[in-house]
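>>> how would this look folded up:
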Amino acid sequence: MSKKFSIELTKSAAKEFKKLQKPVKSKTIEAFHFLALNPYSELLNIKKLKGADSLYRIRIGDYRIVYEVKGSVLKVLVIKIGHRKDIYNKL
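As a prediction, this is how the structure comes out:
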């Protein structure tokens, strides 16, 4: 049986999560469940961010989740959640 990753949000990501509209929030929660099982899953439209060693992004409509995988401790750290137009400027 494979091990599950824990999902942790930074303070800013938690604040951004609270501001999301209900449909986006529910899809984000669903994405977190998949991330816990496999943070590299092809089901989530995950891409590695260029210029960053361990940052990845998930696309959910016009929103993005940027996260880092800490494989040695089985943890996924969600760094940012936001609209695609400005999420990358905040990194």
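
>>> List the beta-bridge partners for the most centrally placed residue in the chain.
Closest residue to the average C-alpha location of the chain: Ile65 at 3.8 Å, with CA atoms, centre = their mean. Under DSSP bridges, the beta-bridge partners of Ile65 are Ile58, Ile81.

>>> Verify the contact between it and Thr28 for me.
Yes: the criterion here is CB atoms under 8 Å, and Ile65 meets it with Thr28 at 6.6 Å. The way it works is simple: take the backbone N, C-alpha and C, and place the C-beta from them, glycine included.

>>> got any residues that touch both of those two?
When CB atoms under 8 Å, 6 or more residues apart in numbering defines a contact, the residues bordering Ile65 and Thr28 alike are Ile81.

>>> which residue sits closest to Tyr40, ignoring its sequence neighbours?
The shortest distance from Tyr40 to any non-neighbouring residue, by CB to CB, 6 or more residues apart in numbering, is to Ile46 (6.5 Å).

>>> Show the pLDDT at that neighbour.
At Ile46, the model reports a pLDDT of 93.

>>> again with Lys19
For Lys19, pLDDT reads 96.

>>> What of the one 3 residues further on?
The confidence metric pLDDT takes the value 96 at Lys22.

>>> any idea how far Ala31 is from it?
15 Å (CB to CB, to the nearest Å).

>>> The two - which one has more neighbours?
Ala31 (24 against 7; other CB atoms under 10 Å).
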